[in-house]
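Participant: 3D model of this:
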Amino acid sequence: MSTALPTQDVHAPPGPGRLVAVELRKMVDTRAGFWLQATTVAIIVLAVIVRCVVRDAAHHTFAALLYVAVTPAAILLPVAGVLLITSEWSQRTGMITFTLVPVRSRVLTAKLIAGLVLAAALLVVSVAVAAAGALAAAPDVGGTWADAVPLIGQAAIYLTTGVVTGVAFGMLLLASTPAVVALFALPLAWSALATLAVFTRVAPWLDTRLALDPLSREVLNASQWAHAGTALALWLLLPLLLGIARITKREAAA
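Facilitator: I've put the predicted structure just below:
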């Protein structure tokens, strides 16, 4: 008597964990992706070292050094988010990806999770480097560790929303150069426009520079949280929804 052994369906689509692992690997498989991550870490370390060298001990609080450490990641993470999406079209891998996983929402979800994992990793690096700098440069300064926990939480929001914004712009434009240019040029253009007196009252609600920069610098009050939420609705949520709609209805990249 023979017993039939269960066979694995080789045609079964990859699970969520494998999809996320694949997307994480894509971030460092290319030269651009690898050097972007390596450069980000190097700049974080260098920025904190320079700050510790050029300023006196009274300015070496954890909050001050965390702001210095998080800023490079906040600038470069959105670019990583853009490349995570646009690489499917620039490297012409979209046809393969969406053939293996026909449900495109699963691929987009995996890309978003991979971006969040990257943001979390850079947050850990930023916090570790800032803490090391504070311990080395100003171990006895009063208030060195004030508000450390809420600032770390706000920095996490700052970095994760940054990478998701990059993913959203990548979904919307599907090309690296236009997406990166739009990602930086549009908020800068709005910031310039917001300096006009007529926009003074609405600028804090819609300007990401004014609304989000304090996240890694000071503990936000209720009004500042409202400003941040409104700005994110305009610059993150709206592009994300439009980008998802575009990719799910677009023909796969050749």
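Participant: list the helices and strands the helix or strand hosting residue 79 packs on?
Facilitator: Secondary-structure assignment from DSSP states H and E places residue 79 in helix 62-90. Contacts defined by 3 or more CB pairs under 8 Å, 6 or more residues apart in numbering; DSSP states H and E place helix 62-90 against helix 16-29, helix 31-54, helix 104-137, helix 148-173, helix 176-193. Where you see a C-beta, it was placed from the backbone N, CA and C, and this is true even at glycine.
Participant: can you list the weak-confidence ranges in the stretch 101-250 of the chain?
Facilitator: Within the stretch 101-250 of the chain, the ranges that satisfy pLDDT under 70 run 138-142, 250.
Participant: quick check, distance from stretch 33-52 to the centre of its chain.
Facilitator: Stretch 33-52 sits 15 Å away from the centroid of its parent chain (CA atoms, centre = their mean, to the nearest Å).
Participant: Keeping just the C-alphas, turn it into CSV.
Facilitator: Output in CSV follows, covering the C-alpha atoms of stretch 33-52 (Å, rounded to 0.1, in the frame of the first residue of the first chain):
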residue,chain,number,x,y,z
GLY,A,33,19.8,51.6,-4.0
PHE,A,34,22.9,50.3,-2.2
TRP,A,35,24.8,53.5,-2.2
LEU,A,36,21.7,55.5,-1.2
GLN,A,37,21.3,53.5,2.0
ALA,A,38,25.1,53.5,2.7
THR,A,39,25.3,57.2,2.1
THR,A,40,22.4,57.9,4.3
VAL,A,41,24.0,56.0,7.2
ALA,A,42,27.4,57.7,6.6
ILE,A,43,25.8,61.2,6.6
ILE,A,44,23.9,60.5,9.8
VAL,A,45,27.2,59.5,11.6
LEU,A,46,29.1,62.4,10.1
ALA,A,47,26.5,65.0,10.9
VAL,A,48,26.4,64.0,14.6
ILE,A,49,30.2,64.0,14.8
VAL,A,50,30.5,67.4,13.2
ARG,A,51,27.8,68.8,15.6
CYS,A,52,29.6,67.4,18.6
